[in-house]
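[1] Got a sequence here, can you build the structure:
(2 chains)
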There are 2 protein chains.
Amino acid sequence: MSSLLEQLIEALRVLPGVGQKSAQRMAYHLLERERGGGERLAEIMKEAMAMIGHCARCRDFSETDVCPTCANSSRDHAELCVVENPADRLAIEQATGYRGLYFVLQGRLSPLDGIGPAELGLDQLVTRLGEGEVRELIIATNPTVEGEATAHYLAQLARQANVRPSRLAHGVPLGGELEYVDRGTLSHAFGSRSEMA
Amino acid sequence: MSSLLEQLIEALRVLPGVGQKSAQRMAYHLLERERGGGERLAEIMKEAMAMIGHCARCRDFSETDVCPTCANSSRDHAELCVVENPADRLAIEQATGYRGLYFVLQGRLSPLDGIGPAELGLDQLVTRLGEGEVRELIIATNPTVEGEATAHYLAQLARQANVRPSRLAHGVPLGGELEYVDRGTLSHAFGSRSEMA
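    I've put the predicted structure just below:
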C-alpha cells in the first residue's frame, strides 16, 4: 500500500494536462501552503461529482432538473443556440450579449466513434423545434470538419421544422494580422467580403 | 450563491499554475469524462489534508509520527542530507543511490521574511548532531543566494558538533552544451576543474 502522499499525487493525475511532475508540485503546494483550500476543493469536488447532472431542456451541466438559463423567463425563447459542449456555451455567454437559450450537444456527429444523432440528443431537439416556439436556430458548432458536418445536419433539421438556421460568421479574427491567418480562413474571409458603408 | 460548477471552478484555482481557463477545463473534463476519478481525488485529498503531518525526526511530510525512511533501520544513520523542501528530498531519493537519512528544512534562511533558524527546526538539527550518530552532513540546499547562505550556516553548526559538512558539486550539467550554460556556473566549473585520470 503506497503512502497517502503518493496516492494524492497519483489521484491528481486524473486532471487534464497534469503529469507526474505537476501532480507532485500540486500535492506539495497544497500540503505546504493551502490545506484549507485543499479541504474546500475536496468537499466541493465530491459534491459536484455527485450532484451535477444535465439540464432536461438544454443538456448543459446543471444541478437542478432544468438549468437557471432555461428556467429564466426573461430570456428570448425564440432563439436557440446549438453548441458542442458546455465550455463553448460559457464562452458565448461571456463574450456576447446573447439573450436566447442554448442547446448543448455534448459532442458532434462522428460516425466512426459511434456518435450519431441519438447520442447528441437530436430527437429531443427535433421535438423542441416542432413545438413552434423557436424561430431561429443559431448553429455554433466548431469550424472543424466534424463540426461543419454537424452544422449541415442541424440546418436540415431546422428547415424541416420551418425554423431559420444561422451559422456564426467565419473570417479574420479581430486584432489578428493577415500575415498569420491560415489560408482557409483568409480565403473564406476574402470570398465573403462585404461592402463598406 | 453561485452554482456548484462555478464553485468547483473557483476551488480548483487553489492549485498552483491553474487560472480561470485551466480550472474551467479541469471541471468540464472531470464532469464529462472522469466522475469516478474526481470522486476518488476528492476523497484522497480530504484524507491527505487532514492526516498528513510532519515526521518528528526529519520534518518531511508523513502520515505517521516518524516517517518510513527515518524508521528504516537498514538505512545509514551516520549520513544526514539536509534539503530545503520535500520535493528536493524526493528528487535526490529518486535520482541517486543515497541510503542515508534526510532532514527537511521546509524553507531556507531568509531574515527579511522572518525565517530564521527556529523556523527551520535548526535547534532540533543541533540536538541531533550532538547525539553523535551523524558523521557527515550532506548539505543539499539550492544553489541560490539564500540557499548558499543557509548552507554556510549549516556547515558551521556541523563543525561545532564535530560533524563533517559536505556540499553537492556545482558545475556544468551532464548533457548540457557549454554555449548555453550560464556564466556563473561556467566560471565555477572552470575554477573547480579536476585532473583527468
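[2] quick one: the strands in chain A?
    A:53-54, A:61-62, A:76-83, A:100-104, A:136-139, A:164-167 (DSSP state E).
[3] residue contacts, the closest residue to residue A:79 other than its chain neighbours?
    Excluding the flanking residues, the one nearest residue A:79 by C-beta to C-beta, 6 or more residues apart in numbering or on different chains is residue A:100, at 2.9 Å. Where C-beta positions appear, they are placed from N, C-alpha and C, glycine not excepted. By C-beta atoms under 8 Å, 6 or more residues apart in numbering or on different chains, the contact list for residue A:100 reads A:75, A:76, A:77, A:78, A:79, A:80, A:81, A:136, A:138.
[4] what about the third one, neighbour count?
    Here the number of neighbours of residue A:77 (other C-beta atoms under 10 Å in any protein chain shown) works out to 14.
[5] What residues does residue A:38 make contact with?
    A:30, A:31, B:14, B:45, B:48, B:49.
[6] Now do the first one, the pLDDT please.
    Model confidence at residue A:30, expressed as pLDDT, equals 95.
[7] nearest residue to it other than its sequence neighbours?
    residue A:38 (4.0 Å).
[8] List the ones among the contacts of residue A:38 that fall in helices.
    Judged by DSSP state H, helices contain the following of these: A:30, A:31, B:45, B:48, B:49.
[9] so which of the residues you listed would you say is closest to residue A:168?
    residue B:45 (39.2 Å; C-beta to C-beta).
[10] Columns mean pLDDT and distance to residue A:114 on top of the strands of chain A, output as JSON lines?
    Putting these into JSON lines (pLDDT from 0 to 100; distance: least, C-beta to C-beta, whole Å) gives the following:
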{"stretch": "strand A:53-54", "mean pLDDT": "95", "distance to residue A:114": "20"}
{"stretch": "strand A:61-62", "mean pLDDT": "94", "distance to residue A:114": "22"}
{"stretch": "strand A:76-83", "mean pLDDT": "94", "distance to residue A:114": "21"}
{"stretch": "strand A:100-104", "mean pLDDT": "96", "distance to residue A:114": "19"}
{"stretch": "strand A:136-139", "mean pLDDT": "94", "distance to residue A:114": "23"}
{"stretch": "strand A:164-167", "mean pLDDT": "92", "distance to residue A:114": "26"}
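[11] now those as a markdown table including distance to residue B:184?
    Shown next, in a markdown table, are the strands of chain A (distance: least, C-beta to C-beta, whole Å):
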| stretch | distance to residue B:184 |
| --- | --- |
| strand A:53-54 | 57 |
| strand A:61-62 | 52 |
| strand A:76-83 | 53 |
| strand A:100-104 | 55 |
| strand A:136-139 | 59 |
| strand A:164-167 | 58 |
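[12] now for those strands, which one comes closest to residue B:70?
    Checking these against residue B:70 by C-beta to C-beta gives strand A:61-62 as the closest, at 46.4 Å.
[13] so where is chain A shaky, pLDDT-wise?
    A:1 (pLDDT under 70).
[14] Please enumerate the helices of chain A.
    A:4-12, A:20-33, A:35-51, A:68-71, A:86-95, A:122-130, A:145-160, A:183-191.
[15] do you know how far residue A:17 is from residue A:46?
    22 Å (C-beta to C-beta, to the nearest Å).
[16] So residue A:45 sits against residue B:44, correct?
    No - if you go by C-beta atoms under 8 Å, residue A:45 and residue B:44 don't touch, sitting 10.6 Å apart.
[17] of those two, who's got more company?
    Shown here are residue A:45 and residue B:44; by other C-beta under 10 Å, residue A:45 has more neighbours (25 against 20).
[18] Please report the number of neighbouring residues for the residue nearest to that one when sequence neighbours are not counted.
    Residue nearest to residue A:45 in three dimensions, not counting chain neighbours: residue B:42, with 4.0 Å by C-beta to C-beta, 6+ apart. Number of residues near residue B:42 (other C-beta under 10 Å) recorded here: 22.
[19] Next: residue A:27.
    Residue A:27 has 28 neighbours, counted by other C-beta under 10 Å.
[20] For it, give me its contacts.
    Counted by C-beta under 8 Å, 6+ apart, residue A:27 has contacts A:5, A:8, A:9, A:12, B:48.
[21] Out of these, which comes closest to residue B:157?
    Out of the contacts of residue A:27, the member with the shortest distance to residue B:157 (by C-beta to C-beta) is residue A:5, at 28.6 Å.
[22] got the contact list for that closest one?
    Residue A:5 touches A:27, A:31, B:48, B:52, B:61, B:63, counting by C-beta under 8 Å, 6+ apart.
[23] how far away is the fourth one from chain A?
    Using C-beta to the nearest C-beta, to the nearest Å, we find residue B:52 at a distance of 6 Å from chain A.
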